[in-house]
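Trainee: sequence and predicted structure, then a few things I'm wondering about:
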There are 2 protein chains.
Amino acid sequence: MMVNTIEAKAGGVATPLGYRAAGVSAGIKANGGLDLALLVSETPATASAVFTVNRAQAAPVLVSREHLERSGGVARAVIVNSGCANACTGEGGLAAAYEMAAETARLAGCAVDQVLVASTGVIGVALPMDRIRAGLPIAFGALGADQGSAAARAIMTTDPSPKEAAVTVDIDGRTVTIGGMAKGSGMIEPMMATMLAFVTTDAAVPRPLLDRALRDAVNDTFNAITVDGECSTNDCVMLLANGASGASVDETTYDRFVHALKTVCLTLALGIVRGGEGATKVMTITVTGASSDEEARRAAKAIANSPLVKTAVHGGDPNWGRLIAVAGRAGVDFELSRAAVMIGSTVLFKDGRPHDEAAPQAAQYLKGRDISLSVNLGAGGASSTVWTCDLSAEYVRINADYRT
Amino acid sequence: MMVNTIEAKAGGVATPLGYRAAGVSAGIKANGGLDLALLVSETPATASAVFTVNRAQAAPVLVSREHLERSGGVARAVIVNSGCANACTGEGGLAAAYEMAAETARLAGCAVDQVLVASTGVIGVALPMDRIRAGLPIAFGALGADQGSAAARAIMTTDPSPKEAAVTVDIDGRTVTIGGMAKGSGMIEPMMATMLAFVTTDAAVPRPLLDRALRDAVNDTFNAITVDGECSTNDCVMLLANGASGASVDETTYDRFVHALKTVCLTLALGIVRGGEGATKVMTITVTGASSDEEARRAAKAIANSPLVKTAVHGGDPNWGRLIAVAGRAGVDFELSRAAVMIGSTVLFKDGRPHDEAAPQAAQYLKGRDISLSVNLGAGGASSTVWTCDLSAEYVRINADYRT
């Protein structure tokens, strides 16, 4: 059996064979920035997606879900705009999302249900269809296998930088490439899917296996991050597999494929956290000693979303008491006398007693940009890791002034 | 039948007959501020309390709970320190809380289990018992019926101002007074009790009725506020009834008494919200159209704790889309096509459609300091109101620098 080697490489959504991408300016963003991204597979690709669990689902979410169902999980193109979420826009918004897909299908020369559509930006504003209509031919004209980075920039809103990743993995003696791009900075707490992410591969993957792979990968990556505990109306992760590499994924190679897919998804997810609104630090929160995986995840999420923990880390304050307080209120089994808190590798609370003599060491560690916090709930043997960022005054500034 | 008139009056915890209070400086706070509060009833009072549901319960919570049980719900004195929470302090912390109660009992001349104890401040720091011991006689020396305000100041931590309230209500032809004080500014989301609050009355109330009255009042007041979604290790609300007015509360006068009690508790609770860390505005969030009271409360709490909603209000941005997005992810029944959002009396979203033409009017309204937000979930007939404050950069500053 071969060694499961996954190699990171420069690249993104158009790096796997048989994909082209584009990112152009259609005038949707007031500042004239890139705001229309297009992704096309040369041949029909097997497609899978997970969508927001928010009950206020945006028009593009409804349309993409319907198209995936009608096409039986086949996609040729994905069209994405930033600058307008097309959410809470009623019947008019739904019509706009359908038209955006139909125009894309016409230019791509494929069936309309083979087009997936996504939008991101302000909620409740009508999509400027005249600009989308005018922008689409420009996007098709700009398509190229070297335009993945332009597409990654065109899906950004408050993101400080684009997020791309690619890896190669050997499957059946052939080199399979997986590439992806993501956007998201605020309103980030994946409850099923999160923000927008688009991942491509040139492996052939039967649809049931592709669905399973996406769910497995998302659970440990996009669903394990949070910026502010919010879950948007537009969140989705889409995965296309066009088989252009000649390699096929089956049950025997599934684990290797999923491992590579997780690598791409985790890189993108951590990019979102690192670029979280106002973020100055990435926090890795590991909860151990939980009585179940679900409780471990719940406690880790509670800590990750705690404004008191996030501000303490922002201020470099080794305030382990806040970690204990959140673990205690998280609604999970918790035994104070057996609980423990570590900041980095420094134990600050153990067996019911503080170790504040170690606080200076922890304070020094907190000056770094990558911070690990560990909490043992003292209740069992399950564990979970989630990632988040700190909470800064800049987060408030960004979100108090977003539309003004 | 008499009209149920409740009159607000100046005063606090020592305003009802038969109580004295004190607030002194014992040197627990580094800045030399008032940090030891004492409340004494001239005669044994019937006592009831609700405590934090956090599983990391501070030593004073454990001791007060035990004393209430052992005394059968009778209290003569309450001793409270600020500047140190005596939480997560192990066996030593428990011994300190016991000793603090025992010293108070000795000076008050009562049984030790008739003393309730509370602490607030930083978690995980040992209580400086030498200072408590030295401060207690000073507090007893300062006791007076006119010292309620000093006590209210002595329980403050990051609170910008003390919180006191008092009302009178006619029961059985006699004037009953209810007074109270509270502290709390951050780490405020009551899940059962919240922060510290102490309420006294000179009515006589049988213990089962007093317990019921406290739970009823807390549910609609302290449990309906949130500053940052946190629930502390030390939260408690204590209620003493000493009968000094000569009036007794029974089933026939229960509603009148609870109504007056709620008035005091709501005034104190709103004081906490108004003085929330970094707060510049008080937000009243009303959720209607829910399929149950419980779902209404859950959606209202989700909105009240949403950093995106809180920052939008802080910035004066009538971003109704964020309200819809939070309602949609709150895990409650929600029907977008029948949902509605009002900011003040301005409808911004109704029947699935935005009304952004009204946004300037809503933006003008958001310049005020008391903000009402209403969301109709479009799912049923239940409703709930909660109160919170906005999220400002100052909140981050306070909590990033709390210990440094």
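Mentor: Noted; the coordinates are in hand. Numbers count the residues shown, from 1 in each chain, chains lettered A, B, ... in the order given.
Trainee: export the helix ranked longest in chain A as PDB, just CAs?
Mentor: In chain A, taking DSSP state H as the definition, the longest helix is helix A:254-274. This file holds the C-alpha atoms of helix A:254-274, laid out as PDB (Å, rounded to 0.1, in the frame of the first residue of the first chain):
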ATOM      1  CA  TYR A 254     -12.100   7.300   0.100                       C
ATOM      2  CA  ASP A 255     -10.100   7.900   3.200                       C
ATOM      3  CA  ARG A 256      -7.100   9.200   1.300                       C
ATOM      4  CA  PHE A 257      -9.300  11.500  -0.700                       C
ATOM      5  CA  VAL A 258     -11.200  12.800   2.400                       C
ATOM      6  CA  HIS A 259      -7.900  13.400   4.200                       C
ATOM      7  CA  ALA A 260      -6.700  15.600   1.200                       C
ATOM      8  CA  LEU A 261     -10.100  17.300   1.000                       C
ATOM      9  CA  LYS A 262     -10.000  18.100   4.800                       C
ATOM     10  CA  THR A 263      -6.500  19.600   4.300                       C
ATOM     11  CA  VAL A 264      -7.900  22.100   1.700                       C
ATOM     12  CA  CYS A 265     -11.000  22.800   3.800                       C
ATOM     13  CA  LEU A 266      -9.000  23.400   7.000                       C
ATOM     14  CA  THR A 267      -6.600  25.700   5.200                       C
ATOM     15  CA  LEU A 268      -9.500  27.700   3.900                       C
ATOM     16  CA  ALA A 269     -11.400  27.700   7.200                       C
ATOM     17  CA  LEU A 270      -8.300  28.800   9.200                       C
ATOM     18  CA  GLY A 271      -7.900  31.600   6.600                       C
ATOM     19  CA  ILE A 272     -11.400  32.800   7.500                       C
ATOM     20  CA  VAL A 273     -10.600  32.800  11.200                       C
ATOM     21  CA  ARG A 274      -7.300  34.500  10.600                       C
END
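Trainee: for the longest strand along chain A, packing partners?
Mentor: In chain A, taking DSSP state E as the definition, the longest strand is strand A:36-51. Judged by 3 or more CB pairs under 8 Å, 6 or more residues apart in numbering or on different chains; DSSP states H and E, strand A:36-51 is in contact with strand A:19-24, helix A:59-71, strand A:74-82, helix A:129-142, helix A:148-154, strand A:196-201, helix A:207-220, strand A:236-241. Placement of C-beta: from N, CA and C, glycine included.
Trainee: how much does it deviate in direction from strand A:196-201?
Mentor: 90 degrees (axes from the mean of the first three to the mean of the last three CA atoms, to 10 degrees).
Trainee: most tightly surrounded among the helices and strands packed on strand A:36-51?
Mentor: Most buried of the helices and strands packed on strand A:36-51, by mean neighbour count (mean count of other CB atoms under 10 Å in any protein chain shown): strand A:196-201, with a mean of 31.
Trainee: ok now that one, how far from the chain's centre?
Mentor: 9 Å (CA atoms, centre = their mean, to the nearest Å).
Trainee: so that strand versus helix A:254-274, what angle?
Mentor: 150 degrees.
Trainee: quick revisit: and of the helices and strands packed on strand A:36-51, who's closest to chain B?
Mentor: Taking CB to the nearest CB, helix A:59-71 is the member of the helices and strands packed on strand A:36-51 nearest to chain B, at 10.5 Å.
Trainee: chain center to that closest one: distance?
Mentor: 20 Å.
Trainee: now swap in stretch A:196-203 and tell me
Mentor: With CA atoms, centre = their mean as the basis, the mean position of stretch A:196-203 lies at 12 Å from the chain mean.
Trainee: near chain B at all, that stretch?
Mentor: No. On the criterion CB under 8 Å from any CB of the partner chain, stretch A:196-203 is out of touch with chain B, staying 15.1 Å away.
Trainee: any low-confidence regions in the stretch 51-200 of chain A?
Mentor: In the predicted model, the stretch 51-200 of chain A carries pLDDT under 70 at residues A:186-194.
Trainee: residues contacting the closest residue to A:C84 other than its chain neighbours?
Mentor: Of all residues not flanking A:C84 in the chain, A:G121 sits nearest, at 4.4 Å (CB to CB, 6 or more residues apart in numbering or on different chains). Contacts for A:G121 were tallied using CB atoms under 8 Å, 6 or more residues apart in numbering or on different chains; they are A:28-29, A:81-85, A:157.
Trainee: kindly report the same for A:V386.
Mentor: A:224-226, A:285, A:297, A:300-301, A:304.
Trainee: check A:N81 too.
Mentor: A:N81 makes contacts with A:26, A:28, A:35-37, A:100, A:118-121, A:127, A:132, as judged by CB under 8 Å, 6+ apart.
Trainee: out of the residues you listed, the closest to chain B would be?
Mentor: Chain B has its nearest neighbour among the contacts of A:N81 in A:G121, at 10.2 Å by CB to the nearest CB.
Trainee: relative to chain B, how far out is the closest residue to A:A213 other than its chain neighbours?
Mentor: Nearest in space to A:A213, with sequence neighbours left out and distances taken as CB to CB, 6+ apart, is A:V258 at 5.0 Å. Distance of A:V258 to chain B, given as CB to the nearest CB, to the nearest Å: 28 Å.
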